[in-house]
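K.L.:
Need coordinates for the following:
(chains A and B)
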Amino acid sequence: KNEVEQSPQNLTAQEGEFITINCSYSVGISALHWLQQHPGGGIVSLFMLSSGKKKHGRLIATINIQEKHSSLHITASHPRDSAVYICAVSQNKLIFGTGTLLAVQP
Amino acid sequence: KAGVTQTPRYLIKTRGQQVTLSCSPISGHRSVSWYQQTPGQGLQFLFEYFSETQRNKGNFPGRFSGRQFSNSRSEMNVSTLELGDSALYLCASGTDDTQYFGPGTRLTVL
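P.N.:
Next up is the predicted model:
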């Protein structure tokens, strides 16, 4: 079993929809990261969380330390949000989930 | 500030050769981490350097090595290349709050 599990693996949404991507982990962590990777490889760090909730524009990330679970929400989704979203946990090193491929159709 | 830069961006090698990849972190960042991304295994941590010292190491064979220079630039070396080493190699520099990723070096081993 992977130490970091993401769901769903693939997600197709219509423009404007509210999107949720989930991440569960089974190890002790110091922080959790949400990353975005566009075709071509470039990775952008969206959030680093150790507790509670963070918001940046249309993106919201939450974490429940007791349940070892985090969610990434995208409000009013747009085709430019199409990318792979990766959850990673910090445990002296980053341990990555397998990613969620999001396609937002116009 | 300039972002994290990696050179070269693309590289083709043959089995048995060795390769050196370079990473220049964001100015002022002392931590540099390296990652391997493959379709089968996803993203995996290789190693982290801080102030010229290896601080953490992932589960990769000894063919994978790295170093960091006094200006925080880092190199990673892979010796005796295998077909399975074909991957996107990413480096990231960071602070305690976040990691900034470079564009990656795409290595193809033939």
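K.L.:
Who is the residue nearest the centre of chain B paired with across the strands?
P.N.:
Nearest to the centroid of the C-alpha atoms of chain B, with distances taken as C-alpha atoms, centre = their mean, sits B:Trp34, at 3.7 Å. Going by DSSP bridges, B:Trp34 is paired in beta bridges with B:Phe47, B:Cys91.
K.L.:
quick one: contacts for it?
P.N.:
B:Trp34 is in contact with B:Cys23, B:Phe45, B:Leu46, B:Phe47, B:Glu48, B:Gly66, B:Ser74, B:Met76, B:Tyr89, B:Leu90, B:Cys91, counting by C-beta atoms under 8 Å, 6 or more residues apart in numbering or on different chains. (Glycine included, C-beta is placed from N, CA and C.)
K.L.:
Give the buried subset of the residues you listed as a PyMOL selection command.
P.N.:
PyMOL command restricting the contacts of B:Trp34 to the buried ones, with burial defined by 16 or more other C-beta atoms under 10 Å in any protein chain shown:
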select buried, chain B and resi 23+45+46+47+48+66+74+76+89+90+91
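K.L.:
so which of the contacts of B:Trp34 would you say is closest to chain A?
P.N.:
Here the nearest of those to chain A, counting by C-beta to the nearest C-beta, is B:Phe45; it sits at 4.4 Å.
K.L.:
Wait, that closest one touches A:Gln91, no?
P.N.:
No: using C-beta atoms under 8 Å, B:Phe45 makes no contact with A:Gln91, being 9.8 Å away.
K.L.:
Distance check, A:Lys53 against chain B.
P.N.:
16 Å (C-beta to the nearest C-beta, to the nearest Å).
K.L.:
Just the element for A:Val84, please.
P.N.:
For A:Val84, the enclosing helix or strand under DSSP states H and E is strand A:83-90.
K.L.:
and A:Gly40, what element?
P.N.:
With the criterion set as DSSP H and E, no secondary-structure element contains A:Gly40; it sits in neither a helix nor a strand.
K.L.:
how about stretch B:47-57: buried residues?
P.N.:
In terms of neighbour count (16+ other C-beta under 10 Å), stretch B:47-57 has its buried residues at B:Phe47, B:Glu48, B:Tyr49.
K.L.:
How about stretch A:6-16?
P.N.:
Of the residues in stretch A:6-16, those scored as buried under the neighbour-count criterion (16+ other C-beta under 10 Å) are A:Gln6, A:Leu11, A:Ala13.
K.L.:
what's across from the last one in the sheet?
P.N.:
Each beta-bridge partner of A:Ala13 is listed here, defined by DSSP bridges: A:Val104.
K.L.:
list the helices and strands the lowest-mean-pLDDT helix or strand in chain B packs on?
P.N.:
Evaluated with mean pLDDT, DSSP states H and E, the helix-and-strand set of chain B has its lowest mean pLDDT in strand B:99-101, which scores a mean of 89. Here strand B:99-101 is seen to pack against strand A:43-49, strand B:87-94 when contacts are counted using 3 or more C-beta pairs under 8 Å, 6 or more residues apart in numbering or on different chains; DSSP states H and E.
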